[in-house]
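Undergrad: Okay, structure incoming, though there's no sequence with it:
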């Protein structure tokens, strides 16, 4: 990048994981603590206590290069979704998410927002030799396009009521799971997302619940309590896929199981 093409630096913390979303992973007994979240550092293999403000951000991530770029950035573009998500999740959790389908359209938009503002999205644009302003433009286009492809999946929800045996999230909470082909090769992300009926999508709404989707019809109940074997398998997958960290209401071991001292 040339000297004239360097992005302006506001020095602000741009949260790709909204703080309101991260608060959904706070243990009820730790709510009033200054650093109530548990964050597991994948590289250092240690748990640390953190506040939502200390997790899920990059400095000046959404700053445009051009000083004259007045287009909406993350704060304005995502404000409605960020503000309305926490009270909705609190309301749904009170009844074990029985009415989540009434809010399905909003939840899909929120999931799409998390995808379009993620570091992974920006890394993909950088690998295509695109500059920061182009990446921001693509982010806006993605949001305005709406979550049309996500509507092509069948969705269900599983919930838990134990914050010591919880749902967890990572720096990329929206994850995709797909099998390898018969020749041992994995399909591209686009192929798996657009075509395969064996692809599964997962998104943790908070420590209590996870949405999961498939192009194939889900025959199990649309809303149900987690089978603990499925919950533990899902947590292991998040530990495996996380490149930087996972967040949790309680400390877990490196296999995603409840730690003996929690």
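TA: Everything's here; your move. Nothing here was measured: the structure is a model prediction, and the numbers come from that model. Residues are numbered from 1 along each chain as shown.

Undergrad: Helices of the stretch 1-150 of the chain, start to end?
TA: Shown for the stretch 1-150 of the chain, the helices assigned by DSSP state H, counting those that start in this stretch span residues 19-22, 74-77, 79-93, 104-116, 119-127, 132-145.

Undergrad: I figured residue 51 hits residue 38, correct?
TA: No. If you go by Cβ atoms under 8 Å, residue 51 and residue 38 don't touch, sitting 11.5 Å apart. In this view, the C-beta of every residue, glycine as well, is placed from N, C-alpha and C.

Undergrad: list the contacts for residue 40?
TA: By Cβ atoms under 8 Å, 6 or more residues apart in numbering, residue 40 lies in contact with 46, 47, 48, 239, 242, 245, 246, 247, 248, 252.

Undergrad: For it, list each beta-bridge partner.
TA: With DSSP bridges as the criterion, residue 40 is bridged to residue 47, residue 246.

Undergrad: So that it lines up with my notes, have the first residue be 502 from now on.
TA: Got it, first residue is 502 now, which makes that one residue 541.

Undergrad: how near is it to residue 747?
TA: Distance from residue 541 to residue 747, counting by Cβ to Cβ, to the nearest Å: 5 Å.

Undergrad: quick one: common contacting residues for these two?
TA: residue 740.

Undergrad: So the residue nearest to residue 587 when sequence neighbours are not counted versus residue 598, what's the distance?
TA: Among residues not flanking residue 587 along the chain, residue 521 sits closest, at 4.1 Å (Cβ to Cβ, 6 or more residues apart in numbering). To residue 598, residue 521 is 18 Å away according to Cβ to Cβ.

Undergrad: So which of the two has more stuff around it?
TA: Counted by other Cβ atoms under 10 Å, residue 521 and residue 598 do not tie: residue 598 has more neighbours, with 22 against 17.

Undergrad: Where does pLDDT dip in the stretch 552-701 of the chain?
TA: 559-578, 621-648, 680-697 (pLDDT under 70).

Undergrad: let's go with 90 and repeat that
TA: Scanning the stretch 552-701 of the chain for pLDDT under 90 picks out the ranges 557-581, 613-653, 675-700.

Undergrad: before we move on, the earlier item: residue 552 and residue 539: which is more packed in?
TA: Each of residue 552 and residue 539 has its neighbours counted (other Cβ under 10 Å); residue 539 has more, 24 against 16.

Undergrad: Spit out the contact partners of the more buried one.
TA: 528, 548, 549, 550, 551, 748, 749, 750, 751, 752.

Undergrad: can you do 6 Å?
TA: Contacts for residue 539 (Cβ atoms under 6 Å, 6 or more residues apart in numbering) come out as 548, 749, 752.

Undergrad: could those residues be laid out in JSON lines, adding pLDDT?
TA: Shown next, in JSON lines, are the contacts of residue 539 (pLDDT from 0 to 100):
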{"residue": "548", "pLDDT": "96"}
{"residue": "749", "pLDDT": "97"}
{"residue": "752", "pLDDT": "95"}
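
Undergrad: Of those residues, just say which sits nearest to residue 594.
TA: Among those, residue 749 lies closest to residue 594 (Cβ to Cβ), at 16.5 Å.

Undergrad: Could you measure from the closest one over to residue 736?
TA: Between residue 749 and residue 736 the distance, using Cβ to Cβ, works out to 9 Å.

Undergrad: Can you pick out the residue with more neighbours from these two?
TA: Neighbours per residue, other Cβ under 10 Å: of residue 749 and residue 736, the larger number sits with residue 749, 28 against 23.

Undergrad: Is residue 673 part of a helix or strand, or is it coil?
TA: coil (DSSP: H, G, I helix; E, B strand; the rest coil).

Undergrad: What is the burial count for it?
TA: Residue 673 has 20 nearby residues by other Cβ under 10 Å.

Undergrad: and the contacts of residue 541 as a markdown table, adding distance to residue 619?
TA: Listed next are those as a markdown table, based on distance: Cβ to Cβ, whole Å:
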| residue | distance to residue 619 |
| --- | --- |
| 547 | 24 |
| 548 | 23 |
| 549 | 22 |
| 740 | 19 |
| 743 | 13 |
| 746 | 14 |
| 747 | 15 |
| 748 | 15 |
| 749 | 19 |
| 753 | 23 |
